[in-house]
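Asks: pasting the sequence and the predicted coordinates here, then a few questions.
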Number of protein chains: 2
Amino acid sequence: MKNICSLLPIEYPIIQAGMVWVSGGKLAAAAANAGILGVIGAGSMKPELLEEHLKKAIALTNHPERLAVNVPLLYEKTKEQIEISLKLGIKIFITSAGSPKTYTSWLKDQGCIVIHVTSSPELAQKCEAAGCDAVIAEGFEAGGHNGRDEITTMVLIPQVVDAVKIPVIAAGGLGDGRAIAAAMCLGAQGVQLGTRFVATQESSAHENFKEAILKSTPGSTMLMMKSVVPVRLFKNKFYEDVRRLEESGATRDELIKLLGHGRAKKGMLEGDMEEGEIEIGQVSALVKDIPTVKELVERLITEQRQALPPTGRFF
Amino acid sequence: MKNICSLLPIEYPIIQAGMVWVSGGKLAAAAANAGILGVIGAGSMKPELLEEHLKKAIALTNHPERLAVNVPLLYEKTKEQIEISLKLGIKIFITSAGSPKTYTSWLKDQGCIVIHVTSSPELAQKCEAAGCDAVIAEGFEAGGHNGRDEITTMVLIPQVVDAVKIPVIAAGGLGDGRAIAAAMCLGAQGVQLGTRFVATQESSAHENFKEAILKSTPGSTMLMMKSVVPVRLFKNKFYEDVRRLEESGATRDELIKLLGHGRAKKGMLEGDMEEGEIEIGQVSALVKDIPTVKELVERLITEQRQALPPTGRFF
C-alpha cells in the first residue's frame, strides 16, 4: 500500500498543517526534524515576515527539503510569498482557497511539488487536471475555513480517492494515531494534522489558546459565517457575537465588519480568548497535553500501529 | 481485538440500521440470513404493523435470534411496541431519542440485550450507567435525526471509546468496507449502516427513493431543522420549503406545522420525491447500485479486509 513518502522527502506520511498565526518557522523545523513535512502557514504573514520564518526554519533543521509553505490564494501578495520561498530553496507548496490553476504549472516548471487543498471530489478532479501532484481532502470537522457542502472526512476521503489517480492526503478531525490508521483505511496515502500540532511546545499559538484546547469539550466548536465563508470557530465571546449577529439576520457586510479587525491575530497569537477569533478543529476535545513535536510524532506512529489488527484482519 | 460478535449472535460485527419507513420484516430477515443483525425500525409503525413485520421477519429467517427492534423513545406506544416484540421472542433492543434509563433495567431483567444510540460521549456514559450492553455512536453525517453538537463520526468514535468500557458501535457515514475498517481502527467493535441498506433489493424504500440515492452527489444532503430537532434531509422541493422557512426566521411552530403532514411516509415509502421528506445520510453519494442484502454483506466483508494492510502496518 503506497504512501506519500514516495512523493515527499519525509520518513512518515504525516503533514503538520500550515495554519494562520500558529505555524511559523519553529514549528515547521521541529516537524521536519521529526521526519514529517513541516509547513509554514503564509496566510497570516507579510512577505518579509514569511522570509524571516523561512530563514528561521532553515537554520533550525538539517532537513530543509522537508519544509513547505502553505499559501492561501485569497490574500494579496501570494506571488511575492511564493517567490521568496523559491529563492530560499522551498520546493514543496500547498495551495488553498483559490483555483489550482493559478500557480500549479508555473511551480511545476520550476521543479516544485504542488498540493492543493479541497473539500470536494469535483475540486479534486480540477486539481488533478491542473497538474497537482496530490490533494489534501479536508472534512467538515476541520478548524478554520471549510467547504459549503459540509462533507465530513469519513465520507469525503473515499469519494476523493475514487475520483482521482493522484495521491489523496486526509485532513479534518485527525487527532491521534487511531484516526491516522482510519484515514489510511479509507484510501488516503497520508494525513495532515492541524489542531493537534497547535497544542505542541513549538507552535506559536498563545499559551491561552493552547490551554483552551486542553479544556475543550465535544461541543466546543461550531461551523459559522456560512453566508460569508464557512469557518469553524471555538465557542468564546467572539463566537457568541457572530452567532447573535447571524441569528438577527445580519447582512454579509455586517458580518465582514465584525471579522475585519485583526480578530484572528488577537485571539490565536495574542491570546485574547474573549474578543479574539479562535479557529480550531472539532478534534480539540481529544487533545489532552502539550508535548514537543518529536514526542507527538513518535506517539502518533505507535498509536496508528496499535490501531491496526496485527493479523491484518478485524474479522 | 474484540468485536460485538461476542455480545450478539451474529457472524459479522455489522448492524443493518432500523430506519423509519424503509426497514421492515423483509429487510431485517435478509440481514439476519446474511449473518448480521437485522433491525426492524419501529418508529414509523403502529403496534399492529410492527407485529405484522416481526411475524414476517421470523417466517423469512432461520436465525430469529439475529432480529432486533429499534424503538425511538420519542413516539407514543413505545411500551406496547416493546411488549409485542418480547411476546414474539425478540431479545435485542436498540433504543434512541430518549433517556437510556426509560426501559433498560426492565429489558435487562427479562434477559434482553439493550443498545442505546448516542451522539456524544456524555450520553454514552449515561447509557453505561443505565446498564446498556453497548452504545451506537452516530456522527453528524448520518441521515435522519442527529445531535446538536454536529460531532462527526471520525471525531466522535474515539471520544466515546475513551469514555466508556462497554462496546461502541460506529454509525454515520459508513457506506462501504473501507469505512468499516476505518471505524474499527477508531476503536469501534462493530458498525451500523443505514443509508447503504436503503438501497438494497429488500428494503421497503420506494423505488423512486432508491433511484434518488443512486443519483445523489456529495452535496445532496444537509442538516436542517436545527431549531426543532436536527435532521439530515435529501435536497428536494420539501427541503427547499424547509430552507426558505428557516431563512425567513420562521418560528418553531411554523416548522413543526410544515413537518406534520405525514411527509416522511409520503417521501420514503410512497415515493413522492418532491413533496415528501427524505431522510438520508451524506454517504448516499457513494452508493452506486441496489444489490441484494446477501451480495452487499459479502462485498462489505471483502472490502474491509482489502482496506487493511495485510502486514498489519501502513508504515
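Replies: Nice, thanks for sending it over.
Asks: helix or strand for A:Ala32, which one?
Replies: When elements are assigned from DSSP states H and E, A:Ala32 belongs to helix A:25-33.
Asks: how about A:Asp149?
Replies: Using DSSP H and E, A:Asp149 is not contained in any helix or strand.
Asks: tell me the pLDDT of the residue nearest to it when sequence neighbours are not counted.
Replies: Excluding its sequence neighbours, the residue lying closest to A:Asp149 (C-beta to C-beta, 6 or more residues apart in numbering or on different chains) is B:Gly219, at 3.7 Å. No exception for glycine: its C-beta is placed from N, CA and C like everyone else's. pLDDT for B:Gly219: 96.
Asks: surely B:Gly219 is in contact with A:Ile151?
Replies: Yes. Between B:Gly219 and A:Ile151 there is a contact under C-beta atoms under 8 Å: 7.4 Å.
Asks: ok, now which ones touch the residue nearest to A:Asp149?
Replies: A:120, A:148-149, A:151, B:235 (C-beta atoms under 8 Å, 6 or more residues apart in numbering or on different chains).
Asks: from these, keep the buried residues only.
Replies: A:120, A:149, A:151, B:235 (16 or more other C-beta atoms under 10 Å in any protein chain shown).
Asks: can you redo the residues you listed as CSV with secondary structure, pLDDT and distance to B:Val198?
Replies: Converted to CSV, the buried ones among the contacts of B:Gly219 look like this (DSSP: H, G, I helix; E, B strand; the rest coil; pLDDT from 0 to 100; distance: C-beta to C-beta, whole Å):
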residue, secondary structure, pLDDT, distance to B:Val198
A:Ser120, coil, 97, 23
A:Asp149, coil, 97, 20
A:Ile151, coil, 98, 19
B:Lys235, coil, 98, 16
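Asks: A:Asp253: which of the residues you listed is nearest?
Replies: A:Asp149 (24.6 Å; C-beta to C-beta).
Asks: thinking the closest one is in contact with A:Glu122, fair?
Replies: No. The criterion here is C-beta under 8 Å, and A:Asp149 misses it with A:Glu122 at 9.7 Å.
Asks: joint contacts of the two?
Replies: Common neighbours of A:Asp149 and A:Glu122 (C-beta under 8 Å, 6+ apart) are B:Pro218.
Asks: circling back: looking just at contacts, which helices and strands does the helix holding A:Ala32 meet?
Replies: On a contact count with 3 or more C-beta pairs under 8 Å, 6 or more residues apart in numbering or on different chains; DSSP states H and E, helix A:25-33 meets strand A:14-16, strand A:37-41, helix A:47-60, strand A:67-72, helix A:293-307.
Asks: so what are the sheet partners of the second one and their directions?
Replies: Next to strand A:37-41 in the sheet, as set by DSSP bridges, lie strand A:14-16 (parallel), strand A:67-72 (parallel).
Asks: what residues are up against A:Gly131?
Replies: Residues near A:Gly131 by C-beta under 8 Å, 6+ apart: A:104-105, A:108, A:114.
Asks: so for A:Lys77, what's the pLDDT?
Replies: Value for A:Lys77, per-residue pLDDT: 93.
Asks: actually, A:Ser248.
Replies: Note on A:Ser248: pLDDT of 87.
Asks: count of residues packed around it?
Replies: A:Ser248 has 9 neighbouring residues, counting by other C-beta atoms under 10 Å in any protein chain shown.
Asks: pop out the phi and psi values for it.
Replies: Main-chain torsions, A:Ser248, degrees, to the nearest 10: phi -80, psi 0.
Asks: from B:Val228, how far out is it?
Replies: 20 Å (C-beta to C-beta, to the nearest Å).
Asks: what about A:Asn169, which SS state?
Replies: Actually, residue A:169 is Ile rather than Asn. For A:Ile169, the secondary-structure state derived from DSSP: H, G, I helix; E, B strand; the rest coil is strand.
Asks: list only buried entries from the contacts of A:Gly131.
Replies: Looks like the contacts of A:Gly131 have A:104, A:108, A:114 buried, using 16+ other C-beta under 10 Å.
Asks: looking at the residues you listed, which are in strands?
Replies: If you go by DSSP state E, the buried ones among the contacts of A:Gly131 have A:Val114 in strands.
Asks: on that earlier part again, redo the helices and strands packed on helix A:25-33 as TSV? Include distance to B:Lys46.
Replies: Listed next are the helices and strands packed on helix A:25-33 as TSV, based on distance: least, C-beta to C-beta, whole Å:
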stretch	distance to B:Lys46
strand A:14-16	54
strand A:37-41	57
helix A:47-60	66
strand A:67-72	55
helix A:293-307	45
